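Novice: Pasting a predicted model and its sequence here:
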Amino acid sequence: MKTKKLWYGFTAVMVLSFAVLLFFGWEIYRKAPPIPKQVETVSGQVILSEQDIRDGQNIWQSIGGQELGTVWGHGAYQAPDWTADWLHREAMFMLNYWAKNDFNKTYEELNSEQQAALEARVQMEMRTNTYNNENGKLLISKLRANAFLEVGNHYRSLFMDGKETADLREAYAIPVNTIKTQERMDKMNAFFFWATWATVTERPGKDISYTNNWPPEELVGNKPGSSLILWTGFSVIILLAGIGWLAWYYASNRDEDEHLEVPAVNPVSGMKLFPSMKATLKYFWIVSLLMLVQIIAGVITAHYGVEGSAFYGIPMDKWLPYSISRTWHVQIGIFWIATSWLATGLFFAPAIAGKEPKFQRIGVNVLFIALLVIVVGSLAGQWMGVMQKLGLAENFWFGHQGYEYVDLGRFWQIFLFAGLFIWLFLMGRALLPALKEKSENRNLLIMFLIASIAIASFYGAGLMWGQQTHLAIAEYWRWWVVHLWVEGFFEVFATVIIAYLFVRMQLIHSRIATTTVLFSTIIFLSGGILGTFHHLYFTGTPTAVLALGATFSALEVVPLVLMGFEAYHNLTLSRSGEWVKAYKWPIYSFIAVAFWNFLGAGIFGFLINPPIALYYMQGLNTTPVHGHTALFGVYGFLGIGLMLFVLRDMNLNKEWRNGPIKFAFWAINIGLLLMVLISVLPVGLAQTWASVKYGLWYARSAEFMQQPFMATLKWLRVIGDTIFAAGVFVLVYHIFGLAFGWSYEKDSLEN
């Protein structure tokens, strides 16, 4: 296929996809669940105000937000989904009130006919939209106002210091007095009430709620709508059609591959190491240390699932509550993966051009210091925020924003955004001489620069919401960062740089690499950009978002089912010449990426992506199955592979010891697989059964999650986690050994 046509295709995909993404973003703005100016009873009693709801959202964010339970299904898997939990408790309060008044019994004691009558009554009460668009008031009955007070009292006891909820607080890993004052608690209850109201109240003129009838809750009539079934079926058809077309394309173009004769010696063995290239070494030391900290934070976080407030008897939650350990676990993962990729770009940019711009080394060192400040400052700020040592405005700027993957305060976000543009400037000035040359690699380098620009630019989506932005709108922009920045353009960047690495080693022809990269990018972004919507099915968005998300997220999976071709290709390259064996473990890391792309992003991703599946699975442990295997399996191993490639090129004269790196590679892969297959996935599937049968509230409840068989499944995670952690520790041992000598064979040291 001609390169020119591929560039047209790439441009068309980018322009059309982002036009649709932005258009429906505007629709989300217009049709988001309204925040009432006041919530009143029919008799005129004011229950809460708009400012109470907005402040309550900020208070929820300050205690960790999505890092402690979930709201609308997004966030952590310890503790309930607060909207599902509130919804069930509110409905049960009203059902029990009517049962006592009408039959002098509890709701559970009634026969099925009596229960059905009361359920119809509660559905009429809760599903009817009583929001007045003209005056901005939401009217509720006196009974529902009493339900608000009753559920609010339960939450007050849970988040503060109620003795009657001590066991529940332990099960949910919520420290005593997480909320410090009565005023703050009242406002957070206001936010939970409003977020729950949106899950059950029907949109004007529709028979579905603002969250498309999510969460599943039979009592209030929250059942999957017809659109969920329709678009689930359509997504499967799209998936099968896409796989068939791509398989045909691969088969019809297989003969276009040009098999180069492998050079007798490594073409880059005489590569000059410029000062700025050597200066990237410390980035990889920090990457290694951050990996260790992330693993430790992950172990503590997982253990909170079985011992809610302690770590083997140590009252850890007094100093490091669950919401902080999980925040650090997630945030540090993003930090080290991104740092590895950025450092790889800084290393290879001067190598590509064959010369180094003036003061490049100073720029690399300045950026390194900036990244250190961002990491340390943001993590410290998050701790200060969750420990309630900051006001709401200060927390937004310097503390914990409460949104998963973008938890760091706004000041640190801006700092990181500026750091990414410093990186882009350093990359651009180093690549410029090579871009001016009309070489056969020029198209590949242009793609490399475009990916670099996208990495710097798209993080800016995280600046598009303010302190009190509507939750549905903040979620829209948050997924720009998580899906488009992390899952999208970082993958494009990695695809380009891996192709370039093989081209410079003369293992792949430049023309083939260029067309392959462009074609892969087109296929990936065709589904990937609009596939962002599959995260937004139930976050207060219109039904059209559900249709687009279902269709295009299926297309995301299409290229992943053929990852076996990529894995086999990379395995063949690793065995193509004697000198290539020096790159065995970097290349094996790319083989692992292909495997986890297929399993983690492909199979486990599609497990939860179809609307009807996600309807019952959102907010359950089926999501971290996909999260761990895709984030670490794909992007983590890409970061490791790129880091190992750089470290290998820094000293080609010495032979690595095979034992430690071999153990690390297999232990990390096997540990990750066991972690998922014998613990996290079974827990998620058990929760899915509970969600389908009883509702999401039960699947996330302490009653279900603290059963002996569930506790056993959670403890089984220790097996995979231990093997995985051992692999990471040995990998770090190997990396530092490259600096201090113990990771090289003795013979090569003597030479």
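Specialist: Arrived safely, thanks for sending. Numbers count the residues shown, from 1 in each chain.

Novice: in the stretch 351-500 of the chain, which spans are helices?
Specialist: Counting by DSSP state H, counting those that start in this stretch, one finds helices in the stretch 351-500 of the chain at the ranges 360-386, 392-398, 410-436, 442-458, 471-479, 490-504.

Novice: Give me the phi and psi for Ser49.
Specialist: The phi and psi values for Ser49, taken as degrees, to the nearest 10, are phi -120, psi 170.

Novice: gap between the closest residue to it other than its chain neighbours and Gln687?
Specialist: Among residues not flanking Ser49 along the chain, Gln38 sits closest, at 5.5 Å (C-beta to C-beta, 6 or more residues apart in numbering). In this view, the C-beta of every residue, glycine as well, is placed from N, C-alpha and C. Gln38 is 37 Å from Gln687, where distance means C-beta to C-beta, to the nearest Å.

Novice: Could you list every helix and strand that whichever strand or helix holds His628 packs against?
Specialist: His628 is part of helix 622-630 when elements are defined by DSSP states H and E. For helix 622-630, the packing partners by 3 or more C-beta pairs under 8 Å, 6 or more residues apart in numbering; DSSP states H and E come out as helix 604-608, helix 658-675, helix 681-693.

Novice: Output the contacting helices and strands for the longest one.
Specialist: Based on contacts counted as 3+ C-beta pairs under 8 Å, 6+ apart, the elements that helix 658-675 packs against are helix 584-596, helix 622-630, helix 708-740.

Novice: can you put those in JSON lines and add mean neighbour count?
Specialist: Listed next are these as JSON lines, based on neighbours: other C-beta atoms under 10 Å:
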{"stretch": "helix 584-596", "mean neighbour count": "23"}
{"stretch": "helix 622-630", "mean neighbour count": "24"}
{"stretch": "helix 708-740", "mean neighbour count": "17"}
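
Novice: I'd like to know which of those is closest to Phe663.
Specialist: Proximity to Phe663 (C-beta to C-beta) singles out helix 708-740 among the helices and strands packed on helix 658-675, at 5.4 Å.

Novice: tell me the angle of the closest one relative to helix 584-596?
Specialist: Angle of helix 708-740 versus helix 584-596, following axes from the mean of the first three to the mean of the last three C-alpha atoms, to 10 degrees, is 150 degrees.

Novice: now this structure, which segments are flagged as low pLDDT?
Specialist: Residue ranges of the chain with pLDDT under 70: 1, 253-260, 561-565, 747-751.

Novice: Can you tell me the closest non-neighbouring residue to the most centrally placed residue in it?
Specialist: In the chain, the residue lying closest to the centroid (C-alpha atoms, centre = their mean) is Val482, at 5.6 Å. Excluding the flanking residues, the one nearest Val482 by C-beta to C-beta, 6+ apart is Tyr405, at 4.7 Å.

Novice: For the one you found, which residues are in contact?
Specialist: Shown in contact with Tyr405 (C-beta atoms under 8 Å, 6 or more residues apart in numbering): 330-331, 334, 478, 481-482, 486.

Novice: Could you tell me the angle between the helix holding His628 and helix 708-740?
Specialist: Put simply, helix 622-630 runs at 20 degrees to helix 708-740, going by the same axes, to 10 degrees.

Novice: Next secondary structure after helix 622-630?
Specialist: Sequence-wise, the next helix or strand downstream of helix 622-630 (DSSP H and E) is helix 637-650.

Novice: Output that following helix as PDB, restricted to C-alpha atoms.
Specialist: Taking Å, rounded to 0.1, in the frame of the first residue of the first chain, the C-alpha atoms of helix 637-650 are listed here in PDB:
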ATOM      1  CA  PHE A 637       6.100  -4.200  29.500                       C
ATOM      2  CA  LEU A 638       6.500  -1.600  26.800                       C
ATOM      3  CA  GLY A 639       8.100   0.600  29.300                       C
ATOM      4  CA  ILE A 640      10.400  -2.200  30.500                       C
ATOM      5  CA  GLY A 641      11.200  -3.300  27.000                       C
ATOM      6  CA  LEU A 642      12.100   0.300  25.900                       C
ATOM      7  CA  MET A 643      14.200   0.800  29.100                       C
ATOM      8  CA  LEU A 644      16.100  -2.500  28.400                       C
ATOM      9  CA  PHE A 645      16.700  -1.500  24.800                       C
ATOM     10  CA  VAL A 646      18.300   1.800  25.900                       C
ATOM     11  CA  LEU A 647      20.400   0.200  28.700                       C
ATOM     12  CA  ARG A 648      21.500  -2.500  26.200                       C
ATOM     13  CA  ASP A 649      22.600   0.200  23.700                       C
ATOM     14  CA  MET A 650      24.400   2.200  26.400                       C
END
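
Novice: How far away from the center of its chain is it?
Specialist: Taking C-alpha atoms, centre = their mean, to the nearest Å, one finds the center of helix 637-650 at 23 Å from the center of the full chain.

Novice: What's the local residue count around Ala690?
Specialist: By the measure other C-beta atoms under 10 Å, the count of residues near Ala690 is 22.

Novice: What's the separation between it and His74?
Specialist: Look at Ala690 and His74: by C-beta to C-beta, they are 19 Å apart.

Novice: How about Asn570?
Specialist: Counting by C-beta to C-beta, the gap between Asn570 and His74 amounts to 35 Å.

Novice: quick revisit: backbone dihedrals for the residue nearest to Ser49, please?
Specialist: With angles defined as degrees, to the nearest 10, Gln38 sits at phi -150, psi 150.

Novice: And the one 5 residues further on, by the same measure?
Specialist: In this entry, Ser43 is assigned phi and psi values of phi -90, psi 0 (degrees, to the nearest 10).

Novice: residue contacts, the residue nearest to it when sequence neighbours are not counted?
Specialist: Spatially, and ignoring its direct neighbours in sequence, Ser43 is nearest to Lys142 (6.7 Å; C-beta to C-beta, 6+ apart). Counting by C-beta under 8 Å, 6+ apart, Lys142 touches 41-43.

Novice: Relative to Ile414, which of the residues you listed is nearest.
Specialist: For the contacts of Lys142, the nearest to Ile414 is Thr41 (43.5 Å; C-beta to C-beta).

Novice: ok, now which ones touch Val299?
Specialist: By C-beta under 8 Å, 6+ apart, the residues touching Val299 are 721, 725.

Novice: For the helix or strand hosting it, buried residues please.
Specialist: Per DSSP H and E: Val299 is located in helix 281-303. Applying a neighbour-count criterion of 16 or more other C-beta atoms under 10 Å, one finds 281, 283-284, 286-288, 290-295, 297-303 buried in helix 281-303.

Novice: tell me the angle of that helix relative to helix 637-650?
Specialist: In terms of direction (the same axes, to 10 degrees), helix 281-303 departs from helix 637-650 by 150 degrees.

Novice: what's the burial count for Leu501?
Specialist: For Leu501, using other C-beta under 10 Å, the count is 24.

Novice: what's the distance between it and Val517?
Specialist: 12 Å.

Novice: same question, Ala241
Specialist: If you measure Ala241 against Val517 using C-beta to C-beta, the figure is 24 Å.

Novice: Neighbour count: these two, which is higher?
Specialist: Counted by other C-beta under 10 Å, Ala241 and Val517 do not tie: Val517 has more neighbours, with 25 against 13.

Novice: where's that one, which helix or strand?
Specialist: Per DSSP H and E: Val517 is located in helix 510-528.

Novice: Can you name the residues in contact with that helix?
Specialist: Helix 510-528 is contacted by residues 1, 3, 6-7, 9-10, 13-14, 17, 242, 246, 256-258, 440-441, 443-444, 447, 483-484, 487-488, 491-492, 495-496, 499-500, 502-503, 552-559 when judged by C-beta under 8 Å, 6+ apart.
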